[in-house]
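**Q** I'll drop the sequence and a predicted model, then ask my questions.
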Amino acid sequence: MKKKLEIALESLEGFRNPKIQLEQYTTPANLASFILTNAELFGDLLTVFDLGCGTGILAIGSAMLGAYAVGVDIDGEALKIARTNSKKMGVSVDFIACDVRNLELRSRVTVVMNPPFGIQRRHADRPFLEKAFDIADTIYSIHSAGSEVFVRKMAEERGFGITHVWRFMIPLRRTYSFHEKAFKYIPVEVYRIERDDRVSRG
């Protein structure tokens with residue numbers, strides 16, 4: 001299942017005009033498929049919100065595994081590509097043009113996201129985490145290596161606990177003009193975070 005999903009997600013279109021201020025990079029298909037197939041094994045793929053969804057890879061992959069999926073992004077150009085990608089995969093995903101800070105939900109969901117790493121603006125991932133803690137019972141989130149103290153502190157202050165940390169080296173393709181190499185490998189951490197009352201029940 002993981003390999004099949006990875007091959008399908010590999011065919012999705014990425015950013016045509018990536019915006020450096022939004023730190024737009026395409027999530028690698030193998031990393032997306034790892035996160036989503038694990039989320040499925042944990043029973044977390046019911047209603048899924050992808051915050052800062054970009055061109056939609058995590059939201060679309062969630063829908064392909066049977067979730068009701070919603071992608072949220074501030075960039076209308078990226079959302080247009082995401083809608084085309086979802087049609088290509090033959091799945092229905094709702095995409096919302098919205099600053100994640102303004103998103104309001106009445107029921108708890110699972111959040112899967114690849115927020116900005118904060119390279120251009122320190123702690124640019126903070127608003128994404130804060131909204132995830134506000135709307136989710138379970139969160140899967142990708143961060144730059146060395147983020148664990150920051151993520152753990154935010155989680156514990158909001159009544160959440162980290163259940164898993166997975167570490168990867170992922171290829172980052174040349175996206176912006178200042179990138180000197182065709183791609184380079186960067187270390188990242190993927191967190192599975194759960195509301196404390198769910199952890200204690202588990």
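**A** Structure's in. What do you need? This is a predicted model, so every value here is computed, not measured. Residues are numbered from 1 along each chain as shown.
**Q** mind showing which ranges of this protein have poor pLDDT?
**A** Residues of the chain that meet the criterion pLDDT under 70 lie in 18-24, 118-121, 173-183, 198-202.
**Q** ok, which stretches of it are helices?
**A** Using DSSP state H, the helices found in the chain span residues 2-10, 29-41, 57-64, 76-89, 126-135, 148-157, 196-201.
**Q** residue 108: which of the ones you listed is closest?
**A** helix 126-135 (6.8 Å; Cβ to Cβ). All C-beta atoms are positioned from the backbone trio N, CA, C, and that covers glycine.
**Q** kindly state the beta-bridge partners for the residue minimising distance to the centre of the chain.
**A** Nearest to the geometric centre of the chain sits residue 113, at 1.7 Å (Cα atoms, centre = their mean). Note on residue 113: beta-bridge partners by DSSP bridges are residue 141.
**Q** so which of the helices of the chain is the most surrounded?
**A** Stretch with highest mean neighbour count among the helices of the chain: helix 57-64 (a mean of 28; mean count of other Cβ atoms under 10 Å).
**Q** which residues are contacting that helix?
**A** Contacting residues not belonging to helix 57-64 are listed as 5, 8-9, 12, 26-27, 29, 32-33, 35-36, 39, 45, 48, 50, 53, 69-71, 82, 85-86, 89, 91-93, 95, 112-114 [Cβ atoms under 8 Å, 6 or more residues apart in numbering].
**Q** next one: that helix to chain centre, how far?
**A** Put simply, helix 57-64 sits 10 Å off its chain's centre (Cα atoms, centre = their mean, to the nearest Å).
**Q** now the angle between helix 76-89 and it, please.
**A** 30 degrees (axes from the mean of the first three to the mean of the last three Cα atoms, to 10 degrees).
**Q** what is the orientation angle of helix 57-64 with helix 2-10?
**A** Here helix 57-64 points in a direction 130 degrees away from that of helix 2-10 (the same axes, to 10 degrees).
**Q** so which of the helices of the chain gets nearest residue 189?
**A** With Cβ to Cβ as the measure, helix 148-157 is the member of these nearest residue 189 (6.5 Å).
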